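Novice: coords please:
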Amino acid sequence: MTRLLRNADHRRMPWKNGGGETVEVIVHPEGASLSDFGWRVSMARVAGDGPFSVFPGIDRTLAVLSGDGMALSIEGLGETLLTPASAPLAFPADAPTTARLTGGPITDLNVMTRRGAFRHRLTHHVTRDTLALPETTGERLLLALEPLGVSTPEGLVGLQPLDALVLGGALAAEVVPIGDEATFYLVEIIQD
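Specialist: Here you go, the predicted model:
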């Protein structure tokens, strides 16, 4: 079974620390708050340097979707530079973290799971050919960075930039480029 989440319908809400706005793509269970979700996928525009919100008992992975980049200083892990070309960075969301922009505002993709209940993997993909998505025992979410199609036994679904498609883990699915290539992030959620 698939569920299409259009960018225009994503929920806008303030950051937990009040320092900006987040765009919630999906939260599980549906309607969960920032204090009781099992897993959550969101995007945020970061316009200035400052601390990240702390989420006790949560693991997070962050990727930069657009902008120059951001240096993250994570307690116990040191400093890491994230750019749109960087691999996603996984770290504990309960570790005090501060961000320093390297060249103006950025937009990031944030995946969070409750430790001990769920775990996740976030991967970036660019393909010029049809690409079969890996199966998993949990759920998958594909976030399009440009127009693309996803072929499933239910039919072909067209996605525009920042639209998301939720797929059951065992559902066969292939990404079909519409232009020269398809660029997207794949989130895999596994229940512990």
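
Novice: hey, C-alpha coordinates of the lowest-mean-pLDDT helix or strand in the chain in CSV?
Specialist: Taking mean pLDDT, DSSP states H and E as the measure, strand 11-14 is the helix or strand of the chain with the lowest mean score, a mean of 80. The C-alpha coordinates for strand 11-14 follow below in CSV (Å, rounded to 0.1, in the frame of the first residue of the first chain):
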residue,chain,number,x,y,z
ARG,A,11,2.3,20.5,8.3
ARG,A,12,4.2,23.7,9.3
MET,A,13,5.0,24.2,13.0
PRO,A,14,7.5,25.9,15.3
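
Novice: what comes up buried for the following helix or strand past that strand?
Specialist: Read in the C-terminal direction, the helix or strand following strand 11-14 is strand 21-28, with elements assigned using DSSP states H and E. Counting neighbours by 16 or more other Cβ atoms under 10 Å, one finds that the buried residues in strand 21-28 are T22, V23, E24, V25, I26, V27, H28. Bear in mind the C-beta positions are built from the backbone N, C-alpha and C, glycine included.

Novice: Which neighbouring elements make contact with the least confident helix or strand of the chain?
Specialist: When contacts are defined as 3 or more Cβ pairs under 8 Å, 6 or more residues apart in numbering; DSSP states H and E, strand 11-14 packs onto strand 21-28.

Novice: Can you tell me the closest non-neighbouring residue to E181?
Specialist: Here the nearest residue to E181 in space, its sequence neighbours aside, is R128; by Cβ to Cβ, 6 or more residues apart in numbering that works out to 4.8 Å.

Novice: can you check V157 too?
Specialist: In this structure, V157 finds its nearest non-sequential neighbour in V150, 4.9 Å apart by Cβ to Cβ, 6+ apart.
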